[in-house]
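Q: Quick one: sequence plus predicted model below, questions after.
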Amino acid sequence: MAGDLRIAVIGQAAFGESVLNALVEKGEEVVGVFCPPDREGRRPDPIKVAAEGHNVPVLQFRRMRNQDAIDAFKELNSDICVMAFVTDIVPDDILEAPTKGTIQYHPSLLPLHRGPSSINWPIINGEPKTGLSIFWPDKGLDTGPILLQKETEITPDDTLGTVYFDRLFPMGVDAMVEAVEMVRNGTAPRVVQDESKATYEGWCRAENVIIDWSKPVQEIYNMIRGGDPSPGSGTTFDGKAIQLFKAGKADGDTARPAGEVTEITEEGFTVAANGGAISVGRVQPEGARKIMAPEWTESVGLKVGDRFGG
């Protein structure tokens with residue numbers, strides 16, 4: 001029954017907050033929440049606010065590897081540790097302290113897409129599906145045995161934002177609650193990952209998603225979708241960097257050079273690529289905030305025949 005496991009949560013941001021809320025609503029006993037320290041001039045982390053609202057002790061350490069963090073964790077005498085969006089390195093002393101172990105959420109179908117940007121890359125690669133894994137973390141990076149997995153389609157027009165917020169986020173919260181129940185019932189498996197199928201990618205940063213307009217239109221479209229809303233796929237216009245969002249794709253030869261503006265509409269503008277064209281509805285000029293494309297086109301006087309990327 002709920003409440004008979006002492007649960008420690010390590011997490012942050014909206015996902016960590018939602019997992020904590022779901023566990024509390026389920027009647028689970030959360031004995032402590034670990035999250036990063038407050039940052040000057042910024043609001044407290046959402047999981048901290050939620051924990052305080054539930055009267056759950058909040059513990060904040062700059063590094064979970066520090067001995068004071070390890071000691072504080074062990075003092076909770078937890079049965080299970082739930083890791084919900086953790087970017088710090090958590091040492092074995094913490095992972096192995098709970099009597100029933102530690103479980104972690106990862107937004108890919110492990111062993112595929114280990115690493116920190118595991119939602120961006122499947123979209124950029126044009127893959128038809130992705131998913132989430134709840135696993136038992138070990139010394140490696142996303143290498144521990146699998147407890148459960150859930151799949152979701154990547155539709156042709158999905159972005160990083162839609163895949164995560166519409167599906168992997170809510171599915172992940174539910175999967176965490178389900179996994180805790182499986183641990184309680186003694187039905188949680190430990191399926192060793194198949195290393196022969198493992199892939200790893202690092203952070204998807206702005207420099208990894210620079211558009212080459214001579215590439216096939218589908219590749220460019222996938223790159224923009226995989227970087228929307230972050231980090232944003234980049235190109236240049238008039239010698240200045242600009243990032244593109246809210247893209248659409250049209251197949252068919254435009255008979256225009258790659259990177260040339262082919263159309264300007266009330267929704268944005270269209271740029272020729274290899275085998276088609278990319279429409280853009282939102283941009284972020286260098287050193288500025290994101291704005292709708294028509295506002296930008298008007299501000300720079302964009303016209304058909306102008307060129308991006310060189």
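A: Arrived safely.

Q: Quick check: pLDDT value at Thr199.
A: Listed pLDDT for Thr199 reads 98.

Q: who touches it in this structure?
A: For Thr199, the contacting residues are 111-114, by Cβ atoms under 8 Å, 6 or more residues apart in numbering. Every residue, glycine included, has its C-beta placed from N, CA and C.

Q: Gly259 now?
A: Counting by Cβ under 8 Å, 6+ apart, Gly259 has contacts 213-214, 235, 271-273, 307-310.

Q: tell me which element the closest residue in space to it that isn't next to it in sequence is part of?
A: For Gly259, ignoring the flanking residues on the chain, the nearest one in space by Cβ to Cβ, 6 or more residues apart in numbering is Trp213 at 3.6 Å. Following DSSP states H and E, one finds Trp213 outside all helices and strands.

Q: so Trp213 makes contact with Glu219?
A: No: if you go by Cβ atoms under 8 Å, Trp213 and Glu219 don't touch, sitting 10.6 Å apart.

Q: Tell me, how many residues neighbour the residue nearest to Gly259?
A: By other Cβ atoms under 10 Å, the residues close to Trp213 number 20.

Q: Can you pull the domain assignment for the protein?
A: 6-197, 206-300 (automatic domain parsing).

Q: the strands in the stretch 1-150 of the chain, which residues?
A: Listed in chain order, the strands of the stretch 1-150 of the chain (DSSP state E, counting those that start in this stretch) span 6-11, 29-35, 58-60, 80-84, 102-106, 129-135, 146-153.

Q: For those strands, give me TSV that also has distance to Thr159, mean neighbour count and mean pLDDT.
A: Formatted as TSV, those follow (distance: least, Cβ to Cβ, whole Å; neighbours: other Cβ atoms under 10 Å; pLDDT from 0 to 100):
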stretch	distance to Thr159	mean neighbour count	mean pLDDT
strand 6-11	24	25	98
strand 29-35	28	23	98
strand 58-60	33	17	98
strand 80-84	23	25	98
strand 102-106	20	24	98
strand 129-135	13	23	98
strand 146-153	14	16	98
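
Q: Distance to Tyr200 added to the ones you listed, as CSV?
A: Converted to CSV, the strands of the stretch 1-150 of the chain look like this (distance: least, Cβ to Cβ, whole Å):
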stretch, distance to Tyr200
strand 6-11, 22
strand 29-35, 26
strand 58-60, 30
strand 80-84, 19
strand 102-106, 12
strand 129-135, 14
strand 146-153, 16
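
Q: what's the closest of those to Arg289?
A: Closest to Arg289 of the strands of the stretch 1-150 of the chain is strand 29-35 (Cβ to Cβ; 27.9 Å).
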